[in-house]
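Engineer: Test case, fold it:
(one chain, ligands or ions: 1)
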Amino acid sequence: MKIDLSLLNKYNVPAPRYTSYPTVPFWKEGLDAERWKQTFKEEFLKNNHREGISLYLHLPFCEFLCTYCGCNKKITNNHSVEQEYLEAIIKEWKLYRQLMNEPPIIREIHLGGGTPTFFSPGNLESLIDTIVKRSIVHPHHEFSIEAHPNNTTTGHLKTLSSLGFRRISYGVQDNDPEVQHIINRIQPFENVQRATEEARKFGFKSVNFDLIYGLPKQTRETIKKTILQTLELRPDRIAFYSYAHVPWTNRVQRLFDENDLPSAEEKLNLYIDGKKLFVDAGYKDIGMDHFALQSDDLYKAWLDGSLHRNFMGYTTQKTSLLLGLGVSSISDAGIAFAQNNKALHEYYESIAKNELVTWLFFK
Ligand code: SF4
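Structural biologist: As a prediction, this is how the structure comes out:
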């Protein structure tokens, strides 16, 4: 493929994430809590019976800091934080339940982070049990989780499977030891292999791998090796993300030398090489970083035109109402976006005062 360098350099600039329109930087700061509650109530009334609701639960803790990370996370080894957080997120759910005139019909639950598998299987179970206890789970629901191959245990997979989770997304990123060292994410391939095989054993029918191109120390050779190892495990879906280097907003990215990053041209070649390997191995290019096997629901939804995109990424469950719970979570009520406090202590304070969301934006 011939690369037009002037075109490449023209568009090789960081841009806001494309998960919403308008994108987050264009939202106006402000809050009218009563207006949000009223909007939520009306949209729930309109949509619950028609299509159900989706839930996103943000679980922010991680044991190690990956130096490329742009997520809202809190690094700690102290697992006693789980309890306080669970109490807050469950209280937030109960505050929303008071705004619902009838039991919610749950189409989708997605646990994201942070590292959701930081939480013990027992704590994840009590969280999900509390949410579904007085709700109706839609017959075609989809429960999914983002997981770290290093700390996803047999207990996690067994518990999540028994709760109805059938989709798991592992953060793999890169298998090369030198790349893993510089991004501070030491994750032997054996861990990825074990976690993948065990997930399938416990009935997860869709296993996704997140991979990143453009990381420091990556070369065409190293990424090829990572992808060939990935193909050995044949994940049902692959998200092949571009690394976004924005050290002025993401200070942790200052921890490595920028000279170790591939140039714009090298980075594009990493993507082109990866895409070719996926397509040659039978994956379909869904678009916007995603590849899927033809047997996966993502591809089937793409094929029949029912594929939907929300703040969690691509989904096969189209709902107009997405409720985000937990620190920094974003809700989408069809006509408005709302976001919770991004700082953990502020999130705790607002929930203690029975306050929902911090920012509100009417589309
Ligand atoms: S595990 Fe995920 S959320 Fe946590 S620091 Fe690493 S990339 Fe960020």
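Engineer: Show me which residues of the stretch 1-150 of the chain sit near the ligand.
Structural biologist: When proximity is defined by Cβ under 6 Å from any ligand atom, the stretch 1-150 of the chain lies next to the ligand at 62, 65-66, 69, 71, 73, 113-115, 148. Backbone N, C-alpha and C define where each C-beta goes, glycine included.
Engineer: Restricted to strands, list those residues.
Structural biologist: With DSSP state E as the criterion, strands contain 62, 113 from among these.
Engineer: Check the stretch 251-363 of the chain for the residue nearest the ligand and tell me.
Structural biologist: Minimum separation of the stretch 251-363 of the chain from the ligand (Cβ to the nearest ligand atom) falls at V252, amounting to 8.1 Å.
Engineer: check contacts around that residue.
Structural biologist: Neighbour list for V252: 65-69 [criterion: Cβ atoms under 8 Å, 6 or more residues apart in numbering].
Engineer: Most neighbours of all those residues, which one?
Structural biologist: When neighbours are taken as other Cβ atoms under 10 Å, the top entry among these is Y68 (23 neighbours).
Engineer: Let's see which of the residues of the stretch 1-150 of the chain next to the ligand end up in helices.
Structural biologist: In helices, judged by DSSP state H, none of those are found.
Engineer: and the residues of the stretch 1-150 of the chain next to the ligand as a markdown table, adding distance to A199?
Structural biologist: Formatted as a markdown table, these follow (distance: Cβ to Cβ, whole Å):
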| residue | distance to A199 |
| --- | --- |
| C62 | 20 |
| L65 | 25 |
| C66 | 21 |
| C69 | 23 |
| C71 | 22 |
| K73 | 23 |
| G113 | 17 |
| G114 | 19 |
| T115 | 16 |
| H148 | 13 |
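Engineer: so which of the contacts of V252 comes closest to F40?
Structural biologist: Proximity to F40 was ranked across these by Cβ to Cβ; first place goes to C69, at 30.5 Å.
Engineer: pLDDT wise, what is the closest residue to the closest one other than its chain neighbours at?
Structural biologist: Once its chain neighbours are removed from consideration, C69 has its nearest residue in V252; the separation is 6.2 Å (Cβ to Cβ, 6 or more residues apart in numbering). Note for V252: predicted pLDDT of 81.
Engineer: Just want to check the distance between V252 and K318.
Structural biologist: Computed with Cβ to Cβ, to the nearest Å, the distance linking V252 and K318 is 35 Å.
Engineer: Now the lengthiest helix in the chain: buried residues?
Structural biologist: For the chain, the helix with the greatest residue count under DSSP H is helix 33-51. By 16 or more other Cβ atoms under 10 Å, the buried positions in helix 33-51 come out as 36-37, 39-41, 43-44, 47-48, 51.
Engineer: helices and strands around the helix or strand following it, which ones?
Structural biologist: Per DSSP states H and E, the first helix or strand lying C-terminal to helix 33-51 is strand 53-59. For strand 53-59, the helices and strands in contact under the criterion 3 or more Cβ pairs under 8 Å, 6 or more residues apart in numbering; DSSP states H and E are strand 105-113, strand 322-325.
Engineer: Now for the closest residue to Y56 other than its chain neighbours: which residues touch it?
Structural biologist: Spatially, and ignoring its direct neighbours in sequence, Y56 is nearest to G324 (4.5 Å; Cβ to Cβ, 6+ apart). Listed by Cβ under 8 Å, 6+ apart, the contact set of G324 reads 55-58, 311, 330-332, 338-340.
Engineer: possible to save the residues you listed as CSV with pLDDT?
Structural biologist: As requested, those are arranged in CSV below (pLDDT from 0 to 100):
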residue, pLDDT
L55, 97
Y56, 97
L57, 98
H58, 98
F311, 77
I330, 92
S331, 94
D332, 92
A338, 90
Q339, 90
N340, 93
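Engineer: List only buried entries from the residues you listed.
Structural biologist: Applying a neighbour-count criterion of 16+ other Cβ under 10 Å, the buried members of these are 55-58, 311, 330-332, 338-340.
Engineer: So which of the residues you listed is the closest to Y243?
Structural biologist: F311 (20.5 Å).
Engineer: Settle this for me: that closest one is touching A333, isn't it.
Structural biologist: No. F311 is beyond contact range of A333, at 11.9 Å (criterion: Cβ atoms under 8 Å).
Engineer: overlap in contacts of those two?
Structural biologist: In contact with both F311 and A333: L322, using Cβ under 8 Å, 6+ apart.
Engineer: Provide a list of residues in contact with the nearest residue to D32 once chain neighbours are set aside.
Structural biologist: With sequence-adjacent residues excluded and distances taken as Cβ to Cβ, 6+ apart, D32 is closest to L360, at 6.2 Å. When contacts are counted by Cβ under 8 Å, 6+ apart, L360 touches 30-32, 35-36, 336-338.
Engineer: So which of those is the closest to L298?
Structural biologist: L298 lies nearest to F337 out of these, by Cβ to Cβ, at 24.2 Å.
Engineer: Looks to me like the closest one is in a strand.
Structural biologist: Yes. Residue state for F337 (DSSP: H, G, I helix; E, B strand; the rest coil) corresponds to a strand.
Engineer: what's around the closest residue to it other than its chain neighbours, how many residues?
Structural biologist: Nearest-residue entry for F337: F361, 4.7 Å, with adjacent residues in sequence omitted and distances by Cβ to Cβ, 6+ apart. Burial of F361, expressed as a neighbour count using other Cβ under 10 Å, amounts to 17.
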